[in-house]
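# test case, fold it:
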Amino acid sequence: MTNPLLKTISSYAEKALLYEVSLTPKPGLVDRYSNGAHHDMDFYTFLDSIVSLAPFFYQYAEAGYNHKGDAPLLFEQLRKIGKKAEKAMLHATNGINTHKGANFSFAILLGATGLYIKKGATLPFTKKDTESVLQIAKQIVSGIVEKDFQHLSCKDKESLTYGEKLYLEHGSTGIRGEAASGYPTLNKLLDFLRQHTQNNQEIKYLYALIFLMSETQDSNLLHRGGFEALKQVQAESSYLFKKNLSAQAFIHELTIYDLHLTKRHLSPGGSADLLALSIYFSFLEHSLSPSGKNV
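Next comes the predicted model:
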């Protein structure tokens, strides 16, 4: 029997991904009007991907809600569901990786949310509730970096994933490291969103993306351009974020920057994933949607 509260929570994750891909313009990223730096995917590829993942979001939350025992023991169950979700995603997108990182994070965070709800928490969440969920997420993935990366030097280089290669070449732990640290970048972004409650919510979320691009060690940027490109995008984004532009001027600057990153074949996909996670928690805290209506 479907749990109405878990259904609501899992629908927030689906909606967060839909909102993220719909935000426009996003530099180097897929949005309503542009494929950004991507030649193999578009807006509709993302819609197909999100629809394929949605049924698993409820399973993640339910796994957390039904879990008995310590939080770290939940991880393997979530990973098993996650592998099925990834297979469904790749089938829906004809093998294109649209949401692998987001699927990983939502598996952990929905599992953590379900586990937290089991303890009696209700919606809407407070800031303290959100922080508690992030701490549970940290417990769930305890030791994941060491476990996943400790034997990489023995693997055939041809069989390494992008994330594994980035760890060996740059020491980057990517989204695993973010999760294992309790999502500190996400926490910082959520504080930004709570403090900025202007009416134009789409502008707010686009500013949140630029904030992330200035702060995050984005694994997608590292993979595509190395540390030099990462640092350059961080500096450019920081400059744009601090310009204090009007909404119209900000959209104009984003449109130009989208062309620049697309030409350089750079896509801040890691930042986009963190943005979707922040939108999810905004829904849990009953923040406003980009349409200006209560979620």
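# who's in contact with residue 273?
By Cβ atoms under 8 Å, 6 or more residues apart in numbering, the contact set of residue 273 is 99, 101-102, 105, 175. C-beta: built from backbone N, CA, C; applies to glycine.
# that one: helix or strand, and which one exactly?
If you go by DSSP states H and E, residue 273 is part of helix 269-284.
# what is the burial count for residue 32?
12 (other Cβ atoms under 10 Å).
# hmm, I typed the wrong one, I wanted residue 55.
13.
# for it, helix, strand, or coil?
helix (DSSP: H, G, I helix; E, B strand; the rest coil).
# what's near enough to touch it?
residue 88.
# ok, it to residue 92 distance?
11 Å (Cβ to Cβ, to the nearest Å).
# how about residue 142?
Using Cβ to Cβ, residue 142 is found at 32 Å from residue 92.
# again with residue 80
According to Cβ to Cβ, residue 80 and residue 92 sit 19 Å apart.
# those two: which is more packed in?
residue 92 (18 against 13).
# so who does the more buried one touch?
48-49, 51-52.
# one more pass at 6 Å, please.
Residue 92 makes contacts with 48-49, 52, as judged by Cβ atoms under 6 Å, 6 or more residues apart in numbering.
# neighbours around the nearest residue to it once chain neighbours are set aside, how many?
Once flanking residues are discounted, residue 92 sits nearest to residue 52: 3.7 Å by Cβ to Cβ, 6 or more residues apart in numbering. As a burial measure, residue 52 scores 21 neighbours (other Cβ under 10 Å).
# list the contacts of residue 109.
Counting by Cβ under 6 Å, 6+ apart, residue 109 has contacts residue 137.
# which helix or strand in this protein has the lowest average pLDDT?
Least confident element among the helices and strands of the chain, by mean pLDDT, DSSP states H and E: helix 162-170 (a mean of 54).
# on the three-state scheme, the closest residue to residue 283 other than its chain neighbours is what?
Leaving aside its sequence neighbours, residue 283 sits nearest to residue 12 (Cβ to Cβ, 6+ apart; 4.0 Å). Look at residue 12: counting by three-state DSSP, its state is helix.
# residue 12 touches residue 279, doesn't it?
No - counting by Cβ atoms under 6 Å, residue 12 does not reach residue 279; the two are 8.4 Å apart.
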